[in-house]
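Colleague: structure of the sequence below:
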Amino acid sequence: MAQRLEFHNKLISALGSRNVYFQPPESVQLTYPCIVYERSRADSKFGDNANWMYTPRYSVTLISRNPDEPVLDALAAMPMSTFERHFVAHNLHHDVFNIYQGV
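Modeller: Numbers count the residues shown, from 1 in each chain. Next comes the predicted model:
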């Protein structure tokens, strides 16, 4: 949990506001631009029949009315970040990144 909260704070810093939401329920009113993220998978490395490295991956979606939001570069520059896709829904631009968080 502490690792996820550290990641959450990195996203707040990148966005420059507190509009960062972890798996928000539908009842939450989002304020744009915002970042919505969720745990998507994890990679494990094994040795001597033990899991010696566990690296969670998060699906991070930047949602904005601006297609060229400045935080795009900050998200792309994060370690172990890959850009997944861009799409528009309800006149909002969604940019999806996969970001691994090391231990």
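Colleague: and Asp48, what pLDDT?
Modeller: We have a pLDDT of 83 for Asp48.
Colleague: the one 4 residues further on now?
Modeller: We note a pLDDT of 77 for Trp52 in this prediction.
Colleague: secondary structure element for it, which one?
Modeller: Using DSSP states H and E, the element containing Trp52 is strand 50-64.
Colleague: show me how far that strand is from its chain's centre.
Modeller: From the chain centre to the centre of strand 50-64 is a distance of 8 Å (C-alpha atoms, centre = their mean, to the nearest Å).
Colleague: and it, what does it pack onto?
Modeller: helix 2-15, strand 34-47, helix 71-77, strand 92-100 (3 or more C-beta pairs under 8 Å, 6 or more residues apart in numbering; DSSP states H and E). Placement of C-beta: from N, CA and C, glycine included.
Colleague: was I right about Val20 contacting His8?
Modeller: Yes. Counting by C-beta atoms under 8 Å, His8 is a contact partner of Val20 at 6.1 Å.
Colleague: picking that back up, out of the helices and strands packed on strand 50-64, nearest to Pro25?
Modeller: The closest of the helices and strands packed on strand 50-64 to Pro25 is strand 34-47. By C-beta to C-beta, the value is 11.4 Å.
Colleague: just how off-centre is the closest one within its chain?
Modeller: 10 Å.
Colleague: residue closest to the middle of this structure?
Modeller: Nearest residue to the geometric centre of the chain (C-alpha atoms, centre = their mean): Val60, 2.5 Å.
Colleague: who does that residue form a beta bridge with?
Modeller: Tyr37, Phe97 (DSSP bridges).
Colleague: His93 is in contact with Thr61, correct?
Modeller: No. If you go by C-beta under 8 Å, Thr61 and His93 don't touch, sitting 10.2 Å apart.
Colleague: next, Asn66: secondary structure please.
Modeller: Assigned with DSSP: H, G, I helix; E, B strand; the rest coil, Asn66 falls in the coil class.
Colleague: which ones are touching it?
Modeller: Asn66 makes contact with 33, 93 under the criterion C-beta atoms under 8 Å, 6 or more residues apart in numbering.
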